[in-house]
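>>> Requesting a structural model of the entry that follows:
(one chain, ligands or ions: 1)
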Amino acid sequence: MQRQAHLTNGGAELYLQEFAGALVVKYWGRKLTGNLAELQSSRTIPNSDFDQIQYPGINREHSRGWLGYPTIAGHRSGRDWSTNFQLNDLSSNEDSASANFVDEVTKLKLNYKFALDEFGILSVSAALENFGEDYCLNEFIYWLPLPDQANETLDFAGRWSNERNPQRRSIQIGRWVRDSREGKTGHNATIGEIALTSQTNFASGEAWAISLAWSGNHQYLVEQNPDGYKSFGAGEVLAPGEVILKTGEVYEAPVIKAAYSNRGLDGLSEKFHQMLRARKVHPNKSRPLTLNLWEAIYFDHNEEKVKSIIDIAASVGVERVVLDDGWFGSRRNDKSGLGDWQVSKDIWPNGLKPVSDYAASKGIEFGLWFEGEMVNQDSDLYRNHPEWILQEGGRTPPTWRHQLVLDLANPDAYRYILEATHRVISECNIKYIKWDHNRTLIDAGAGGKASYRKQVLAIYSLFAELKKLNPGLEIESCASGGGRIDLGIVEYVDRFWVSDNNDALSRQSIQRWTAQFLPLELLGSHIGPSPSHQTGRELSLSFRASTALFGHSGIEWDISKASNDELAHLANWIEYYKSKRNLIHSGKLVRCDFPDASHYLYGAVTENESIFIFAQIVPTAVSQVPNLRFRDLLPNAKYRVSAAFPAGSVGMMLIKEPEWIKSGVVMSGDLLQEVGLPAPILQPAQALIIEIKKEN
Ligand code: DGJ
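Numbers count the residues shown, from 1 in each chain. Predicted structure coming up:
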């Protein structure tokens, strides 16, 4: 009798079956009706092939006839290079399974855990145990099969200030690899790999996604073998010799989260968002409107100036002010002081407590910036402990933004950073920190061995300890913008700085695709100044504000330079954000497939109320823009639709604008979805906010 495990939950189904000691994923996807045990073998024996059908299973072993990319690669000084795991124990219940394998020859044990949650997200974790001599693990990659109809992939690429550009391509024979070897997740990191059909769009079609819960070196792979078999996988990238397991030691691979949707890309994001929102650690308080001071003052710190900005912030309704880089040690520019986490007496002679108290007296929470993994060579920390940096071969790694990386797996360095940052946080009663990471790791060695993996585990542990020491502390993950956004660090942080680029037009696309995996309430989205400090582009306040609305909103701008008119609009917009944030932060993200690629139409949808934005990305060629057809409304319900102008008027190129924009309209969900409303022709880089409320 072949052993099997059959998991169902959240509309998804996973069926694992044993074949001669291997474990095969026979089915993963939507919950089907029917007995999966009746599924026929999908393999035949063609000419010029093995004499018996081979089932390499989830371990994809060469010894079982697997000729594609393996799950495990490793050896003992060249020996024990080919595993042949035998399924030892397979136990399962309705929504989870555990599979234990053993290979008596290579002296390795492997345990997998599978779990399907109520949203249909599949979690897979694996632990490899060595019970022989030292075993050098080169690689462990999780793989899941893709069905024949999955013929394209979608993932994201980018750079500083232009993260998460979508790339969609067809799956062909060979292997597509998206890897990151920066020691952190990376600006170019994709966050997840998606397989889909060529017809799949936001609203419809099939899509499969995997995302690795890891914040260091990693890779995603999509493979089609010469026999046509398709699969995708993800795992850590290990440096040579980085994981050498001694007898009894275990390598715990970072978990993967996988989802299937037959409701397009939005169906996928809904599952990831639901899964994240259901966690105990998910922020559950209303997300405070945040003013971050970086672009307002850069390194030009001054108590009076900061207090004067706090005054204005309070007058417009800001709820949190964050003091960015430059408050500590000799950090008057980015060449010096990093690592010296003591408040600078030169620029903050009274310490930070007065300003933090001042903010509190105005009802504003005070937050602070750190970059605890880094050090400038021109710092007391480096002068005292040059041996604490990550390096290899006695070389000092090339500097990047004049900084080097501390070895946080070194207990002394770790303790210093934990204590120094905790001291400031507790002394100033700080409940929010922005934790930056502004360089790539190069030659990240410690004691002659690669230490990328240990560095990631150390920062997870440090964040957990800081939170334990400072109950209620929130952490924002920033890495020169969106360089550390992933499902690993999300368990330790409460917000992501999506990009250093605050140009709202650039942000439209960056936020749209970051939200593929992360819900809007985790995505820091600020109104920057005009012209933008990154792109030099001038954009209207109304467009900047509407763009910033769809996230955890804030401001990144010296508002002491804003005109009275701008301040009035800001105050209005902040009030609007406060009235809509619970909707935006709990609603389903709906990205409509607008027929004209020059516009985005998307929103947050709840049962009774939705809010959409119609944003022009590039000017249209046509003068009658396609109708606004909304989604996820109830066909039979009546809805009142109206335009909102929380931050001033919206530029349109029209003699006569659609009637509903002025007066609102009541229509059935069916009409709004099937026919839609006439769209205005907007001026370049303008956006219209649209409210949709169900009538009783
Ligand atoms: C990069 C971050 O992304 C910015 O927001 C800012 O915090 C600077 N670092 C400070 O050095």
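
>>> mind listing what Gly264 touches?
200-205, 207 (Cβ atoms under 8 Å, 6 or more residues apart in numbering). Yep, even glycine has a C-beta here, placed from its N, CA and C like the rest.

>>> Equivalent analysis for Phe517, please.
191-192, 209, 211, 269, 272, 487.

>>> nearest to Pro626, of those?
Nearest to Pro626 among the contacts of Phe517: Ser269, at 23.4 Å, using Cβ to Cβ.

>>> Shouldn't the closest one be within a helix?
Yes - assessed with DSSP: H, G, I helix; E, B strand; the rest coil, Ser269 lies in a helix.

>>> Which pLDDT value goes with it?
At Ser269, the pLDDT value in this model is 98.

>>> same thing with Gln40?
pLDDT for Gln40: 88.

>>> do Pro626 as well
97.

>>> now it, nearest residue through space, not along the chain?
Spatial nearest neighbour of Pro626, chain neighbours left out: Pro595 (4.7 Å); criterion: Cβ to Cβ, 6 or more residues apart in numbering.

>>> can you tell me which helix or strand the one you found belongs to?
Pro595 is part of no helix or strand, with elements assigned from DSSP states H and E.

>>> how about it, phi and psi?
The phi/psi pair for Pro595 (degrees, to the nearest 10) reads phi -70, psi -20.

>>> Okay, it and the ligand: tell me how far apart.
With the distance defined as Cβ to the nearest ligand atom, to the nearest Å, Pro595 ends up 36 Å from the ligand.

>>> now do Arg331
To the ligand, Arg331 is 9 Å away according to Cβ to the nearest ligand atom.

>>> What of Gly264?
From Gly264 to the ligand the distance is 32 Å (Cβ to the nearest ligand atom).

>>> Next: Leu518.
Using Cβ to the nearest ligand atom, which is the criterion applied here, Leu518 is 17 Å from the ligand.

>>> next one: Ala239
On the measure of Cβ to the nearest ligand atom, Ala239 and the ligand end up 26 Å apart.

>>> got a list of what the residue in the stretch 1-150 of the chain positioned nearest to the ligand touches?
Going by Cβ to the nearest ligand atom, the ligand is nearest to Ile121 of the stretch 1-150 of the chain, at 29.7 Å. Contact analysis of Ile121 by Cβ under 8 Å, 6+ apart lists 10, 12, 257-259, 271-272, 275.

>>> Take these and keep only those in helices.
If you go by DSSP state H, the contacts of Ile121 have 271-272, 275 in helices.

>>> for those, which one is nearest Ala637?
Closest to Ala637, out of all of those and judged by Cβ to Cβ, is Lys271, at 24.7 Å.

>>> SS state for whichever residue of the chain sits closest to the ligand?
In the chain, the residue that lies nearest the ligand is Asp325 (3.5 Å; Cβ to the nearest ligand atom). With three-state DSSP as the basis, Asp325 sits in coil.

>>> circling back: any idea how many residues pack against the residue nearest to Pro626?
Neighbour count of Pro595, defined by other Cβ atoms under 10 Å: 11.

>>> What segments of the stretch 51-200 of the chain are helices?
Counting by DSSP state H, counting those that start in this stretch, one finds no helices in the stretch 51-200 of the chain.

>>> What segments of it are strands?
Under the criterion DSSP state E, counting those that start in this stretch, the stretch 51-200 of the chain contains strands at 72-75, 86-92, 96-103, 108-116, 122-130, 135-146, 152-159, 162-170, 174-180, 193-196.

>>> Let's have these in JSON lines, adding mean pLDDT and mean neighbour count.
Output for the strands of the stretch 51-200 of the chain, formatted as JSON lines (pLDDT from 0 to 100; neighbours: other Cβ atoms under 10 Å):
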{"stretch": "strand 72-75", "mean pLDDT": "98", "mean neighbour count": "20"}
{"stretch": "strand 86-92", "mean pLDDT": "98", "mean neighbour count": "15"}
{"stretch": "strand 96-103", "mean pLDDT": "98", "mean neighbour count": "20"}
{"stretch": "strand 108-116", "mean pLDDT": "98", "mean neighbour count": "20"}
{"stretch": "strand 122-130", "mean pLDDT": "98", "mean neighbour count": "21"}
{"stretch": "strand 135-146", "mean pLDDT": "98", "mean neighbour count": "21"}
{"stretch": "strand 152-159", "mean pLDDT": "98", "mean neighbour count": "20"}
{"stretch": "strand 162-170", "mean pLDDT": "98", "mean neighbour count": "17"}
{"stretch": "strand 174-180", "mean pLDDT": "98", "mean neighbour count": "16"}
{"stretch": "strand 193-196", "mean pLDDT": "98", "mean neighbour count": "26"}
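
>>> would JSON lines of those with distance to Leu688 be doable?
Shown next, in JSON lines, are the strands of the stretch 51-200 of the chain (distance: least, Cβ to Cβ, whole Å):
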{"stretch": "strand 72-75", "distance to Leu688": "53"}
{"stretch": "strand 86-92", "distance to Leu688": "51"}
{"stretch": "strand 96-103", "distance to Leu688": "46"}
{"stretch": "strand 108-116", "distance to Leu688": "40"}
{"stretch": "strand 122-130", "distance to Leu688": "39"}
{"stretch": "strand 135-146", "distance to Leu688": "39"}
{"stretch": "strand 152-159", "distance to Leu688": "27"}
{"stretch": "strand 162-170", "distance to Leu688": "24"}
{"stretch": "strand 174-180", "distance to Leu688": "35"}
{"stretch": "strand 193-196", "distance to Leu688": "29"}
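
>>> Among those strands, single out whichever gets nearest to Ile584.
Among these, the nearest to Ile584 by Cβ to Cβ is strand 162-170 (19.4 Å).

>>> for Arg512, helix, strand, or coil?
Quick answer, by three-state DSSP: Arg512 is helix.

>>> and what of Asp227?
Of the three states, Asp227 takes coil under three-state DSSP.

>>> go on, Leu487?
Leu487 is classified as coil under three-state DSSP.

>>> Could you pull up phi and psi at Gly488?
According to degrees, to the nearest 10, Gly488 has phi -90, psi -60.

>>> count of residues packed around Phe543?
27.

>>> Disregarding flanking residues, what is the spatial nearest neighbour of Gly372?
Ile417 (4.6 Å).

>>> and if you look at Tyr639?
Ile692 (5.0 Å).

>>> now swap in Ile312 and tell me
In space, Ile312 is closest to Ile559, 5.1 Å off (Cβ to Cβ, 6+ apart).
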